[in-house]
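>>> got a predicted structure plus its sequence, pasted below:
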There are 2 protein chains.
Amino acid sequence: MIPRDWRPRYLQLAEELRAQIVSGKLVQGAAMPSETELAESSGLSRTSVRNAIRQLREWGLVRAEQGRGTYVRAPRQRIRRHNTERYQWEKDRALLDEGQRRKTGGTEHDTGLTVDDLKFHAEYAQVPADDDMANAFDLPTGTLLLRRLYWTSSRHESAPLSVSYSYLPYDLVAANPELLDAENEPWPGGTQHQLFTVGVELARIVDEVRARPPSPDEAELLDIEPGVSVLALRKTSIDITDRVVEVADIVFPGDRTELVYTTDLKRWTT
Amino acid sequence: MIPRDWRPRYLQLAEELRAQIVSGKLVQGAAMPSETELAESSGLSRTSVRNAIRQLREWGLVRAEQGRGTYVRAPRQRIRRHNTERYQWEKDRALLDEGQRRKTGGTEHDTGLTVDDLKFHAEYAQVPADDDMANAFDLPTGTLLLRRLYWTSSRHESAPLSVSYSYLPYDLVAANPELLDAENEPWPGGTQHQLFTVGVELARIVDEVRARPPSPDEAELLDIEPGVSVLALRKTSIDITDRVVEVADIVFPGDRTELVYTTDLKRWTT
DNA sequence: GAGTGGTCTAGACCACTGT
DNA sequence: CAGTGGTCTAGACCACTCC
């Protein structure tokens, strides 16, 4: 006797379609049948079909585009970001000469892509610190900050791998006017070398990691479907005088990013 | 002239309700009006009301219970888990005598709660390694593992703060039969002391952090609504002979957990 | 203009919870 | 039992895209 399937029918449909996608029957980039077609072929109402498709979107398997159709997503470029090693590597690199610094950046480190595969975007602005930033920097609310918006995307994929807002105290970086101009990005050697030019050496970096739903803006920028969360990283850089010198809010698409941290433990001395 | 509100009406309703919740007009724990009531009072169909409520659930603001009603969620116990410091602290603690080890555990460290506020659950099983685990341990598929399921919850909140599957090579821990019995949990001094009793000293711990939608089981255990992601942490412990001795998959509710990592940087020696 | 996904309606039956 | 949320139907109109 065949056991009856008591799951809701829209879920059954969602799982049938999922099976077709993972098995390759529906190839990546291909258009799915329209909702009306699916309703007819499955014998369900369009409402139920839409419920099924909502599932598939939350699973990150399909992308729906208003007026065009629903498409099977390509499996995306995944990033593994080894932050512990990355930060030390960036610090070491800040002392190299320009030629060596120019050779490679942090993102290539993570993705295995070369500089030529990547498109880089930077945008600078001067903003007063809101309460949150003032608190993060331990400076008065309203203190002038340099806000830098970055994103980097692969040439093969339009959506960026991450979007990052980096904040620096304006007075700190104004000592080197070149740091105020977005035209100088991508800066060889990155932020740690930029800080080096104004006499700052980092002592430690604190990463706070959360998962949360994307804002509408973030969902569009990162090209993720509603229901897919983002990894939100707040990175706080502290220099050797115990002063917070940079705060960065970095947002990654949750479905293709992995953050890796290594903790080295001190030896027992028994 | 008042600008017309072009957003969908279900979203407008969702935001009205959100405003009532954050302003405290709808107090935490209180029942929301039923869907039928909301439909009447808002002049929308029940379908649209349900769309609005789905939004509120994804925002983590309300909980819907089949047959009972929809309730405003209490703001939840948040955890900030300082893993870098925690792991070193656990290592140091493993060398203390039992009385001192018994005093406190790792979870209190994170939450500020005392031992008495916490309920602890442990469940042991022997399982053969699947491909994933075999790969993580660098052992043949099918190797016998000890699988330990843990969860800890606050007495004031039924849902656990995290759910953790910890895997150990069975042969390794079998050297101390006490380690095979879940009755000995919570073990004073935790896993690092358990490993100490079989002669293992950890050299480093690698954490891999992702965000993903919860499995149905996880959603129920952690009491999160569909659409709220979990933070999934794979923690790999490596001993001083470079052998993987523990792999733990730990799942946190994304809407109330923050993982914190500190990277100490080496001084420049210019 | 034809076809797509997004919104919306007015019903219906069901499983589940409380009394 | 009545009331709740979960599923489902058979329609409708809209904004959008592409031809």
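Cool, got the structure. Keep in mind it's a predicted model, so treat the numbers as computed, not measured.
>>> how about the residues of the stretch 151-270 of chain A near DNA strand C?
By Cβ under 7 Å from any atom of the strand, no residue of the stretch 151-270 of chain A approaches DNA strand C. The C-beta positions use only the backbone N, C-alpha and C, and glycine is treated the same way.
>>> name the residue of the stretch 151-270 of chain A that lies nearest to DNA strand D.
Per Cβ to the nearest atom of the strand, A:E220 is where the stretch 151-270 of chain A lies closest to DNA strand D, at 12.5 Å.
>>> mean confidence for stretch A:33-52?
Stretch A:33-52 carries an average pLDDT of 94.
>>> okay, now A:L233: neighbour count?
23 (other Cβ atoms under 10 Å in any protein chain shown).
>>> rewinding a little: so what pLDDT did the residue of the stretch 151-270 of chain A closest to DNA strand D get?
Looking at A:E220, its pLDDT reads 80.
>>> so it: helix, strand or coil?
Look at A:E220: counting by DSSP: H, G, I helix; E, B strand; the rest coil, its state is helix.
>>> do the same with A:Q88
Per three-state DSSP, A:Q88 ends up helix.
>>> report the separation between the nearest residue to it once chain neighbours are set aside and DNA strand C.
Closest residue to A:Q88 apart from its sequence neighbours, by Cβ to Cβ, 6 or more residues apart in numbering or on different chains: B:L265 at 5.8 Å. Remark: distance between B:L265 and DNA strand C (Cβ to the nearest atom of the strand, to the nearest Å) = 46 Å.
>>> residues of the stretch 51-200 of chain A that sit close to chain B?
Taking Cβ under 8 Å from any Cβ of the partner chain as the contact definition, the stretch 51-200 of chain A meets chain B at A:E58, A:W59, A:R80, A:N83, A:T84, A:Y87, A:Q88, A:K91, A:L95.
>>> number of residues surrounding the third one?
A count of nearby residues for A:R80, using other Cβ under 10 Å, gives 13.
>>> and for it, nearest residue in space, chain neighbours not counted?
Closest residue to A:R80 apart from its sequence neighbours, by Cβ to Cβ, 6+ apart: A:E258 at 4.7 Å.
>>> and if you look at A:R102?
A:P188 (4.2 Å).
>>> could you pull out the helices for the stretch 101-250 of chain A?
A:106-111, A:131-137, A:170-173, A:190-196, A:216-222 (DSSP state H, counting those that start in this stretch).
>>> and the first one, average pLDDT?
Along helix A:106-111, the predicted local confidence has a mean pLDDT of 63.
>>> now what about stretch A:21-29, what contacts it?
For stretch A:21-29, contacts defined as Cβ atoms under 8 Å, 6 or more residues apart in numbering or on different chains pick out A:L17, A:Q20, A:M32, A:L56, A:L61, A:V62, A:Y71, A:V72, A:R73, A:A74, A:P75.
>>> return the alpha-carbon coordinates of that stretch using PDB.
Extracted in PDB, the C-alpha atoms of stretch A:21-29 (Å, rounded to 0.1, in the frame of the first residue of the first chain):
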ATOM      1  CA  ILE A  21      16.500  21.600 -10.800                       C
ATOM      2  CA  VAL A  22      19.100  19.700  -8.800                       C
ATOM      3  CA  SER A  23      18.900  16.800 -11.200                       C
ATOM      4  CA  GLY A  24      19.600  19.100 -14.100                       C
ATOM      5  CA  LYS A  25      16.400  18.500 -15.900                       C
ATOM      6  CA  LEU A  26      15.800  22.200 -15.600                       C
ATOM      7  CA  VAL A  27      19.100  23.700 -16.500                       C
ATOM      8  CA  GLN A  28      20.500  26.900 -15.000                       C
ATOM      9  CA  GLY A  29      19.400  30.100 -16.500                       C
END
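>>> that one and DNA strand C in contact?
No: between stretch A:21-29 and DNA strand C, judged by Cβ under 7 Å from any atom of the strand, nothing touches; the nearest distance is 12.7 Å.
>>> that stretch and DNA strand D in contact?
No: Stretch A:21-29 does not reach DNA strand D (Cβ under 7 Å from any atom of the strand); its nearest approach is 13.6 Å.
>>> in that stretch, which residues are buried?
By neighbour count on 16 or more other Cβ atoms under 10 Å in any protein chain shown, the buried set for stretch A:21-29 is A:I21, A:L26.
>>> before we move on, the earlier item: highest average neighbour count across the helices of the stretch 101-250 of chain A?
Mean neighbour count (mean count of other Cβ atoms under 10 Å in any protein chain shown) peaks for helix A:190-196 among the helices of the stretch 101-250 of chain A, with a mean of 21.
>>> which other helices and strands contact that helix?
Here helix A:190-196 touches helix A:83-93, strand A:230-239, strand A:244-253, going by 3 or more Cβ pairs under 8 Å, 6 or more residues apart in numbering or on different chains; DSSP states H and E.
>>> related to what we said a few turns ago, if any of the contacts of stretch A:21-29 are buried, give me the ChimeraX selection for them.
Here is the ChimeraX command that selects the buried residues among these (16+ other Cβ under 10 Å):
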select /A:17,32,56,61,62,71,72,73
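>>> of the contacts of stretch A:21-29, which belong to helices?
Counting by DSSP state H, the contacts of stretch A:21-29 place A:L17, A:Q20, A:L56 in helices.
>>> and the gap between the last one and A:L17?
As for A:L56, its distance to A:L17 is 6 Å (criterion: Cβ to Cβ, to the nearest Å).
>>> so which of the contacts of stretch A:21-29 is the closest to DNA strand D?
Closest approach between these and DNA strand D, by Cβ to the nearest atom of the strand: A:Y71, at 11.1 Å.
>>> so that closest one makes contact with A:R63?
Yes: with contact defined as Cβ atoms under 8 Å, A:Y71 and A:R63 form a contacting pair (5.2 Å).
>>> which of the contacts of stretch A:21-29 come close to DNA strand C?
Restricting those to contacts with DNA strand C (Cβ under 7 Å from any atom of the strand) yields A:M32.
>>> from the contacts of stretch A:21-29, which is closest to B:T36?
Distance to B:T36 across the contacts of stretch A:21-29 (Cβ to Cβ) is lowest for A:L56, with 30.1 Å.
>>> could you find the closest non-adjacent residue to the closest one?
A:V62 (4.6 Å).
>>> with A:H82 instead?
A:H82's closest residue in space is A:V260 (Cβ to Cβ, 6+ apart), at 4.6 Å.
>>> for the host helix or strand of the one you found, give me every contacting residue.
Using DSSP states H and E, A:V260 maps to strand A:257-264. Identification of contacts with strand A:257-264 by Cβ under 8 Å, 6+ apart yields A:78-85, A:161-162, A:207, A:209, A:231, A:233, A:252, B:83-84, B:87-88, B:203-211, B:261, B:263.
>>> can you give me the mean pLDDT across it?
pLDDT averaged over strand A:257-264 gives 95.
>>> stretch A:22-29 now?
pLDDT averaged over stretch A:22-29 gives 84.
>>> and the strands in the stretch 51-200 of chain A?
Applying DSSP state E, counting those that start in this stretch to the stretch 51-200 of chain A gives strands spanning A:62-65, A:69-72, A:79-82, A:118-128, A:144-154, A:160-169.
>>> poorly predicted segments of the stretch 151-270 of chain A, please.
Scanning the stretch 151-270 of chain A for pLDDT under 70 picks out the ranges A:155-158, A:270.
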